[in-house]
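Trainee: need a 3D model of the sequence below.
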Amino acid sequence: MPEPALNEVIEQSLERIDLGERSEKLARMPATKFWVDKFVELAYRLWYSFERHSFVIAMTIGFTRLQEYLDAIARKANLDPANSRHGVFWHTTYRAFIAGNVPNKHCNGDVVPIIDPANAVNSAFNQILRGSWCAMPQMPKTGPFLTDDGYFVVLADGSRVEGPTILADIEGWLAAGAPENGDCQGPPPAPQG
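Mentor: Numbers count the residues shown, from 1 in each chain. Model (predicted):
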């Protein structure tokens, strides 16, 4: 589909804008015309982009969904995290999680913050779910791993979530600033029956 001339689209759009009695006066004002042109140009470019590309609107999970994911990963693991040195560190308040360190874990002699304050996406718990990190094995320690082919968990509400989705949701949550309440709380419940 060829891209129509932008000026032509702007002119056609301006003809359709009805500002009432003031429309002629406003249309003659250079600042008004400038901003209307900019608005129409932006709207056109967005429309044209959506016509040419498929877009997926990313939703951010919240802390509760993150805890549900980590609990489901723990349930599926071959070892009980409650018996590990780090314990079930995500069973805490949001504020304690955001500001806390992974219990009994050190990297290069330093404590390991749960959320890396300099680069949240590179937080240790995110990295170690994807592979080894700082000479520590991928978690859960004996698998199965989120990166394994066909990996999935079933959440308490019965919904099934694939490993790549969990990893993308965690990364998206961290990239969004690790909000307590995301704009989605994960997938809808699985159909019953």
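Trainee: how does this protein divide into domains?
Mentor: Following automatic domain parsing, one finds the domains of the chain at 6-52, 63-175.
Trainee: which non-adjacent residue is nearest Asn181?
Mentor: In space, and not counting its chain neighbours, Asn181 is closest to Gly62: 4.5 Å by CB to CB, 6 or more residues apart in numbering. No exception for glycine: its C-beta is placed from N, CA and C like everyone else's.
Trainee: wait, what's in contact with that neighbour?
Mentor: Counting by CB atoms under 8 Å, 6 or more residues apart in numbering, Gly62 makes contact with Trp173, Pro179, Glu180, Asn181, Gly182, Gln185.
Trainee: need the pLDDT of the first one.
Mentor: To tie it back to what came earlier, the one meant is Trp173. For Trp173, the model assigns a pLDDT of 92.
Trainee: again with the second one
Mentor: The predicted structure scores Pro179 at 93 on the pLDDT scale.
Trainee: wait, isn't it in contact with Gly172?
Mentor: No - at 10.5 Å, Pro179 does not count as touching Gly172 under the criterion of CB atoms under 8 Å.
Trainee: between those two, what contacts are shared?
Mentor: Thr60.
Trainee: neighbour-wise, which one of the contacts of Gly62 leads?
Mentor: Greatest neighbour count in those, by other CB atoms under 10 Å, goes to Trp173: 22 neighbours.
Trainee: that residue reaches Tyr69, doesn't it?
Mentor: No - using CB under 8 Å, Trp173 is not in contact with Tyr69; the gap is 9.6 Å.
Trainee: okay then, goodbye and thanks.
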